[in-house]
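K.L.:
Turn this into a structure:
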Amino acid sequence: MARSPFASVGILGTGLIGASLGLALKRLGSPPRVIGFDISSDSRRAANARKALDRATGNLAEAVRDADLVVVATPVRAMELVFREIAPLLRPGTVVTDTGSTKRQVLAWAAALLPPEVSFVGGHPMTGRATAGADEATADLFDNAVYCLSPPASADAKAVEQVVKLVEMIGGVAYFVEPDEHDGLVAGVSHLPYVLSAALMQSVSADRGWREARSIAAGGFATATHLTEGDPRMFADICLTNQDQIVRQIDRLVSHLTELRGMVERRDETVFDRFVEAQTLHRQWLAGRGADDETRPALATEDIKPQSLFFPSRLSNVLRRGDKDKD
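P.N.:
Residues are numbered from 1 along each chain as shown. Sure, this is the predicted structure:
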């Protein structure tokens, strides 16, 4: 069985990601001691109830004092304060990483606030569930999930190697990416879908016919708006720390919507061609997840129906099954 490269891990933030990480570590052959910190007593209790931690505490110093690895799994904008608070508490040689959905701003805070005697390795697991919280935590959350890593140039090579090893042990696939590139990529495939889902929900519900429309709304609307069940605090922080890239994606989307609006208004028959093109691109992505990426397995797209995607985790399971079939 795998042995953790760290003897003691402090997880700061015991929500979905933090608690799932604790559970994933606990299934290792020689698991580390895991101390979880959260300002919410409810979150600490939930993580304890799932047996994700050896100990839960509301004392930050207790969580990081003896840790070889500190994982900051809080909302992104809370990380600045967390880095500031833990800086004088960390032992020399401690490795610090995060799970934040944006990387440029997080790495800037780490560089400015963490002491040079510790090594910071930026991280972002590309996984999750529609709803947050330790109650939804699961040990297999990271299985076959891309785990983005953005170590700064100053990061110790051994520390990076240890984080990569840990990522692989919990089932993830390490993917090195520069912070700016990371933020540009996830703005389109992760952040924009939530923004679009929220805007759609607000737009339709603002119509004067909403009282009647909500009675007949079905699977299509439910699927398109279900991302609003995500953590509003998390996504607000994402938008406010990756504003340039998200604005760029929104502008492109608005351009496409404007073109479609014109075609609909003109009763332009070529709107059909637009929809066929979109369907083709979607199927190509599902089948190969990028024409340029030959390492990705093909997927049986006939298994994926809009009504089956009411819970995003179901799509995630289909994608992961492709990886397992490849093995």
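
K.L.:
top strand in this protein by residue count?
P.N.:
Counting by DSSP state E, the longest strand found in the chain is strand 119-125.

K.L.:
Please name every helix or strand in contact with that one.
P.N.:
Where contact means 3 or more C-beta pairs under 8 Å, 6 or more residues apart in numbering; DSSP states H and E, strand 119-125 is packed against strand 95-98, helix 104-113, strand 146-150, helix 157-169, helix 179-186. From N, CA and C alone the C-beta is placed, and that goes for glycine too.

K.L.:
what does the last one contact?
P.N.:
To tie it back to what came earlier, the one meant is helix 179-186. With contact meaning C-beta atoms under 8 Å, 6 or more residues apart in numbering, helix 179-186 is reached by 101-104, 106-107, 122, 124, 126, 148, 150, 177, 242, 245, 248.

K.L.:
tell me which residues of whatever helix or strand comes next after that helix are tucked away?
P.N.:
Sequence-wise, the next helix or strand downstream of helix 179-186 (DSSP states H and E) is helix 192-205. With burial defined by 16 or more other C-beta atoms under 10 Å, the residues of helix 192-205 counted as buried are Leu192, Tyr194, Val195, Leu196, Ser197, Ala198, Met201, Val204.

K.L.:
can you check stretch 115-127 too?
P.N.:
By neighbour count on 16+ other C-beta under 10 Å, the buried set for stretch 115-127 is Val118, Ser119, Phe120, Val121, Gly122, Gly123, His124, Pro125, Met126, Thr127.

K.L.:
Stretch 74-91: how far from the chain's middle?
P.N.:
Put simply, stretch 74-91 sits 19 Å off its chain's centre (C-alpha atoms, centre = their mean, to the nearest Å).

K.L.:
right, I mislabeled it, should have said stretch 25-41
P.N.:
That offset, for stretch 25-41, works out to 19 Å (C-alpha atoms, centre = their mean).

K.L.:
do the same with stretch 10-20
P.N.:
Relative to the chain's own centre, stretch 10-20 is displaced by 13 Å; criterion: C-alpha atoms, centre = their mean.

K.L.:
tell me the mean pLDDT over that stretch?
P.N.:
Across stretch 10-20, pLDDT averages out at 96.

K.L.:
end-to-end on that stretch?
P.N.:
Using C-alpha to C-alpha, to the nearest Å, the end-to-end distance of stretch 10-20 comes to 13 Å.

K.L.:
before we move on, the earlier item: looking at the helices and strands packed on strand 119-125, which one is packed in the most?
P.N.:
Greatest average neighbour count among these goes to strand 95-98 (a mean of 27), per mean count of other C-beta atoms under 10 Å.

K.L.:
That strand pairs with which strands, parallel or anti?
P.N.:
Strand 95-98 sits in its sheet next to strand 69-72 (parallel), strand 119-125 (parallel), going by DSSP bridges.

K.L.:
okay if I get the ones you listed as TSV plus mean pLDDT and distance to Ile216?
P.N.:
Formatted as TSV, the strands paired with strand 95-98 follow (pLDDT from 0 to 100; distance: least, C-beta to C-beta, whole Å):
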stretch	mean pLDDT	distance to Ile216
strand 69-72	98	45
strand 119-125	97	38
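
K.L.:
Thank you kindly, that will do.
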